[in-house]
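Asker: Sequence plus the predicted model coming up.
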Amino acid sequence: DTAVSQTPKYLVTQMGNDKSIKCEQNLGHDTMYWYKQDSKKFLKIMFSYNNKELIINETVPNRFSPKSPDKAHLNLHINSLELGDSAVYFCASSRGATNEKLFFGSGTQLSVL
Amino acid sequence: DAKTTQPPSMDCAEGRAANLPCNHSTISGNEYVYWYRQIHSQGPQYIIHGLKNNETNEMASLIITEDRKSSTLILPHATLRDTAVYYCIVPKAAGNKLTFGGGTRVLVKP
């Protein structure tokens, strides 16, 4: 079983659309994250949830809204998609929110046309 | 996060040890050094982390200098599957907010 799984793996959509990326972890971890990797390959944290509570919220447009229905899931909803949103989005989880190693999913490649 | 400096790239011969340096001269006393790697088209993978003492696991060894201002990740017997970008990260204490810099692109050659 994949520890951190995210769907879909590829997402191609038009500008202005709304889309969601789902993430699930079966590791029993309390903390989950969303990272964005742009075309220059730099990975930047977007959000983090600990026990369903938002603990990290970087400077991200409010078109991006994370939702954590339970500890094992952290979904990312994006409204009014723009060309600049094209990137690879990675979900990750860790046992706790402090000094814990992160386990990453395999990524969702989002292409906005 | 404490700033880290890594060489942008390095080559390594298959079967030989790969020594990856990292400078983190502004590290604070209670901040850990983490190493991750990202193989092409995959998510980052945790390798190892340490605070003061040298650490070893099934993947690699981590050597931290006594003043903690630099460290070296050692892959003892590099294989072709170790070709990846390796990231040295020093997150702020009491936080898991990892900041990935440019990393070192390691190419293992046969």
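Answerer: That came in fine, so what should we check first?

Asker: So, low pLDDT: which residues of the chain?
Answerer: In the absence of a named chain, this looks at chain A. A:1 (pLDDT under 70).

Asker: hmm, I had chain B in mind actually
Answerer: Where chain B drops to pLDDT under 70, the residues are B:1-2, B:93-96.

Asker: Would you mind naming what in it lies close to chain A?
Answerer: B:32, B:34, B:36, B:38, B:41-46, B:49, B:85, B:91, B:93-102 (Cβ under 8 Å from any Cβ of the partner chain). Bear in mind the C-beta positions are built from the backbone N, C-alpha and C, glycine included.

Asker: Strands - which of the residues you listed land there?
Answerer: B:Tyr34, B:Tyr36, B:Gln38, B:Gln45, B:Tyr46, B:His49, B:Val85 (DSSP state E).

Asker: Need the max-distance pair from those residues.
Answerer: B:His49 and B:Val85 (17.4 Å; Cβ to Cβ).

Asker: which residues in chain A form strands?
Answerer: A:4-7, A:10-13, A:19-25, A:31-37, A:43-50, A:53-57, A:64-70, A:73-78, A:87-94, A:103-104, A:108-112.

Asker: If you count neighbours, what's buried in the first one?
Answerer: It refers to strand A:4-7. By neighbour count with 16 or more other Cβ atoms under 10 Å in any protein chain shown, strand A:4-7 contains the buried residues A:Val4, A:Gln6.

Asker: Neighbouring strands - and their directions - for that strand?
Answerer: strand A:19-25 (antiparallel) (DSSP bridges).

Asker: For the partner strand, buried residues please.
Answerer: By 16+ other Cβ under 10 Å, the buried positions in strand A:19-25 come out as A:Lys19, A:Ile21, A:Lys22, A:Cys23, A:Glu24, A:Gln25.

Asker: for those residues, which one is nearest chain B?
Answerer: Checking those against chain B with Cβ to the nearest Cβ, the nearest one is A:Cys23 at 11.1 Å.
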